[in-house]
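Visitor: fold the following and give me the result.
(chains A and B)
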Number of protein chains: 2
Amino acid sequence: MYGAVIHAAGDVRYEQRDNPQIQAPTDAIIRLTASCVCGSDLWDYRGINPVHQPTPMGHEYVGVVVQIGEDVKNIKVGDFVVGSFFASDSTCEICQAGYQSRCVHLEFVGAGGAQAQYLRVPLADGTLVATPSMPDPDLIPSLLTASDVLGTGWFGAVAAEAGPGKTVAVVGDGAVGLLAILAAKQLGADRIIAMSRHQARQKLAFEFGATDIVTERGDDGAAKIRELTNGLGAHSVIEAVGTQEAMMQTIRSTRAGGHVGFVGVSHGVQVPGEELFFAEIHVHGGPAPVRRFLPDLIDRIWKREIDPGKVFDLTLPLSQVAHGYKAMDERRAIKVLLTPET
Amino acid sequence: MYGAVIHAAGDVRYEQRDNPQIQAPTDAIIRLTASCVCGSDLWDYRGINPVHQPTPMGHEYVGVVVQIGEDVKNIKVGDFVVGSFFASDSTCEICQAGYQSRCVHLEFVGAGGAQAQYLRVPLADGTLVATPSMPDPDLIPSLLTASDVLGTGWFGAVAAEAGPGKTVAVVGDGAVGLLAILAAKQLGADRIIAMSRHQARQKLAFEFGATDIVTERGDDGAAKIRELTNGLGAHSVIEAVGTQEAMMQTIRSTRAGGHVGFVGVSHGVQVPGEELFFAEIHVHGGPAPVRRFLPDLIDRIWKREIDPGKVFDLTLPLSQVAHGYKAMDERRAIKVLLTPET
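Guide: Next up is the predicted model:
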């Protein structure tokens, strides 16, 4: 089969790879219908995470099950499935508490490289959720977002306790930030402030439910949020970037007693303890337990209540994956959908 | 009147001071029945917080109201009162959400120096809670703890979401840590692990409800907590120290999805963002909104359901306050109660 492999920063290639095989009786193999490029893939592409050897890329996926291991009970060949980027048994104590992203048997599905024609998914029963039937083609992009970027934005909004009566601010206007806006809206937030200076992203923010835009960044952005909230700060602030500036902007935008949900993968962030102490906020975040939200998210998409697939503003055949990385790196595209040739 | 004044690290003096006066119509003046030395006073005493000028000390207090400003409505002369170390209006949006320690009109009561014969309490209506009648003398120590150290331990347990079905670990065996154990027990925790290597404190920990003792510290302590919790970590971990080691021990003792309540005043702590991200825990803390808990805590003490006053293992006349600081600094006393001469 063919798939994307990163060789070095800036060097993603579409090349022949071995077809994945069942390795454990709990595995499934799926033929990918669509995959995409994640903001977190750019950490490698930009050389911030070092690339030590040629590495298959991609961890967001939807597709059709073509083979299952002998212990797989809930998923069958022919099912259309969505799964998280983390494989989880969904039965351990941590999974049962809703933290499948920290399952005691956790495996990174992306190790198999989902920007490809086929993918091995470990712990298939605990990881994959089948749709009610084969989806209409126009639902594919939205279902694909549920695999990571929607689930991650959703977790950010849940971690920040977005809900009725709350003012929510979102730091970061990438696909995760935009879908955190959609999530906050769905969860019933009164007011949603998007922090963005990009016109196309502002437009999508409004479509997803934003009520206000703040273009300032860092401490100026935080000051603006306080100005908009009677000097108090927002109840809920979602961090969807992962940098020191974004984290401090988030903390300083949150009112005392308020909630930070942080889902940007931290890179070099240090949270000053004394400021955190006197801020008196709640902080929660990490890799999203997407699996917790999947049945609900699939249901909302299936009923066409939400259209998170709008974050894809560029669709390319998988063979042009290098192009996709470049467009996202240069912020010419919010998010790139890739369609494997079959 | 006489009161305690710190002149430099290690130099606390009992000396004559001006009697406090009503300065605002919302003030009250109380004659102190008892005060005490706080673990946080030791930051000054040990020279970790610099002392720039002679400063009145003490912020924990119970006493009898002797004078009120003309706008005070809920508190009257002759009332026996308990108040938080922070004065709050208890009417603003932040107070109403339960964060009186971040009231928009916040004042530090301790600025007046509660290790003294008299104390001015700003925003008396929002800050003070009167007991049902004059308390029996044996209740005074427990009521005094409600002013800070019990309220702070209680907040730590609430912030860490201690409750039924939970295993709670407490980092720090000072009075706050010990009373966090009492709080966790009252809140219904199944199992409470005290981290302590001091025999007298271990004994009190058991009396307050601890079920296990861990003597290891730092990463060894965290490893021990994991060993005791099936490799997962505690559901709730309370940090009651304020150092980098204690904070990291706390984070590393907490299971994914679990809750950290941190109430040790952070000194030089930096929380590594990447570790916080992958730990996937909830973190909440800060200066305790003691006022939120006061009515409930006074009620429990009044009914003799709890006896937090046991943390006082040394009682001195206020004139020997310097002695009290020394005993706490050398860890010869857990907590020192001071009785002003009248």
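Visitor: now residue A:315. Its backbone dihedrals?
Guide: phi -120, psi 130 (degrees, to the nearest 10).
Visitor: the one 5 residues further on now?
Guide: With angles defined as degrees, to the nearest 10, residue A:320 sits at phi -100, psi 30.
Visitor: neighbours of it, just the number please.
Guide: If you count neighbours by other C-beta atoms under 10 Å in any protein chain shown, residue A:320 ends up with 17. For the C-beta atoms, the positions are set from N, CA and C on the backbone; glycine is no exception.
Visitor: which residue ranges form the strands in the stretch 151-300 of chain A?
Guide: Assignment of strands within the stretch 151-300 of chain A using DSSP state E, counting those that start in this stretch yields the ranges A:167-171, A:191-195, A:212-214, A:234-239, A:254-262, A:270-272, A:282-285.
Visitor: chain B is nearest to which of these?
Guide: Nearest of the strands of the stretch 151-300 of chain A to chain B, taken as C-beta to the nearest C-beta: strand A:254-262 at 3.3 Å.
Visitor: and the angle from that closest one to strand A:167-171?
Guide: For strand A:254-262 against strand A:167-171, the angle between stretch directions is 50 degrees (axes from the mean of the first three to the mean of the last three C-alpha atoms, to 10 degrees).
Visitor: output strand A:254-262 as CSV, nothing but the C-alphas.
Guide: Extracted in CSV, the C-alpha atoms of strand A:254-262 (Å, rounded to 0.1, in the frame of the first residue of the first chain):
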residue,chain,number,x,y,z
THR,A,254,-9.9,33.2,33.5
ARG,A,255,-11.8,34.6,36.5
ALA,A,256,-11.1,33.4,40.0
GLY,A,257,-13.0,30.1,40.5
GLY,A,258,-13.2,29.6,36.7
HIS,A,259,-12.0,26.7,34.6
VAL,A,260,-9.2,26.3,32.1
GLY,A,261,-9.4,23.4,29.7
PHE,A,262,-6.1,23.0,27.9
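Visitor: so what does that strand touch, helix or strand wise?
Guide: In this structure, strand A:254-262 packs against helix A:149-159, strand A:234-239, helix A:244-253, strand A:282-285, helix B:93-96, with contacts taken as 3 or more C-beta pairs under 8 Å, 6 or more residues apart in numbering or on different chains; DSSP states H and E.
Visitor: let's have these in CSV, adding mean neighbour count and mean pLDDT.
Guide: As requested, the helices and strands packed on strand A:254-262 are exported to CSV (neighbours: other C-beta atoms under 10 Å in any protein chain shown; pLDDT from 0 to 100):
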stretch, mean neighbour count, mean pLDDT
helix A:149-159, 30, 98
strand A:234-239, 30, 98
helix A:244-253, 23, 98
strand A:282-285, 25, 98
helix B:93-96, 19, 98
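Visitor: dump those into a markdown table; add distance to residue B:17 as well.
Guide: Formatted as a markdown table, the entries for the helices and strands packed on strand A:254-262 read as follows, by distance: least, C-beta to C-beta, whole Å:
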| stretch | distance to residue B:17 |
| --- | --- |
| helix A:149-159 | 48 |
| strand A:234-239 | 43 |
| helix A:244-253 | 38 |
| strand A:282-285 | 40 |
| helix B:93-96 | 30 |
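Visitor: quick one, which of those gets closest to residue A:198.
Guide: Each of those was scored for nearness to residue A:198 using C-beta to C-beta, and the closest is helix A:244-253 (15.1 Å).
Visitor: counting contacts, what elements does the closest one pack onto?
Guide: Counting by 3+ C-beta pairs under 8 Å, 6+ apart, the packing neighbours recorded for helix A:244-253 are strand A:167-171, helix A:218-228, strand A:234-239, strand A:254-262, strand A:270-272, helix A:273-279.
Visitor: any chance of these in TSV, plus distance to residue A:209?
Guide: Listed next are these as TSV, based on distance: least, C-beta to C-beta, whole Å:
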stretch	distance to residue A:209
strand A:167-171	9
helix A:218-228	16
strand A:234-239	13
strand A:254-262	16
strand A:270-272	29
helix A:273-279	27
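Visitor: nearest to residue B:130, of the ones you listed?
Guide: Nearest to residue B:130, of all those, is strand A:254-262, at 25.9 Å by C-beta to C-beta.
Visitor: hang on, the earlier thing: residue B:48 is nearest to which of the strands of the stretch 151-300 of chain A?
Guide: Go through these one by one with C-beta to C-beta and the one that ends up closest to residue B:48 is strand A:270-272, at 16.5 Å.
Visitor: quick check, pLDDT for the residue nearest to residue A:152 when sequence neighbours are not counted.
Guide: Using C-beta to C-beta, 6 or more residues apart in numbering or on different chains and skipping the chain neighbours, the partner closest in space to residue A:152 is residue A:288 (4.1 Å). According to the prediction, residue A:288 has pLDDT 98.
Visitor: again with residue A:341
Guide: Residue A:341 carries a pLDDT value of 80.
Visitor: out of the strands of the stretch 151-300 of chain A, which comes closest to residue B:258?
Guide: Here strand A:282-285 is closest among the strands of the stretch 151-300 of chain A (C-beta to C-beta), at 10.5 Å.
Visitor: tell me how chain A divides into domains.
Guide: Domain assignment for chain A by automatic domain parsing gives A:2-148+A:289-339, A:152-285.
Visitor: most tightly packed of the ones you listed?
Guide: Highest mean neighbour count among these (mean count of other C-beta atoms under 10 Å in any protein chain shown): domain A:152-285, with a mean of 23.
Visitor: and the end-to-end length of it?
Guide: Its start and end residues considered, domain A:152-285 measures 10 Å (C-alpha to C-alpha, to the nearest Å).
Visitor: again, but for stretch A:59-73
Guide: Length of stretch A:59-73, first residue to last, C-alpha to C-alpha: 23 Å.
Visitor: quick check, distance from it to the centre of its chain.
Guide: For stretch A:59-73, the gap between its own C-alpha mean and the chain's C-alpha mean amounts to 20 Å (C-alpha atoms, centre = their mean, to the nearest Å).
Visitor: avg pLDDT for that stretch?
Guide: Confidence for stretch A:59-73, expressed as mean pLDDT, is 98.
Visitor: that one near chain B at all?
Guide: No. Contact check for stretch A:59-73 against chain B, using C-beta under 8 Å from any C-beta of the partner chain: none in range, with a minimum separation of 15.8 Å.
Visitor: same question, stretch A:124-138
Guide: No. Stretch A:124-138 does not reach chain B (C-beta under 8 Å from any C-beta); its nearest approach is 15.7 Å.
Visitor: what about residue A:340, how many residues nearby?
Guide: Number of residues near residue A:340 (other C-beta under 10 Å) recorded here: 23.
Visitor: look up how far residue A:51 lies from it.
Guide: Here the criterion is C-beta to C-beta, to the nearest Å. By it, residue A:340 lies 23 Å from residue A:51.
Visitor: now do residue A:298
Guide: Spatial separation of residue A:298 from residue A:51 under the definition C-beta to C-beta is 33 Å.
Visitor: same list (the strands of the stretch 151-300 of chain A) but as JSON lines, adding distance to residue A:247.
Guide: As requested, the strands of the stretch 151-300 of chain A are arranged in JSON lines below (distance: least, C-beta to C-beta, whole Å):
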{"stretch": "strand A:167-171", "distance to residue A:247": "8"}
{"stretch": "strand A:191-195", "distance to residue A:247": "13"}
{"stretch": "strand A:212-214", "distance to residue A:247": "17"}
{"stretch": "strand A:234-239", "distance to residue A:247": "6"}
{"stretch": "strand A:254-262", "distance to residue A:247": "7"}
{"stretch": "strand A:270-272", "distance to residue A:247": "7"}
{"stretch": "strand A:282-285", "distance to residue A:247": "10"}
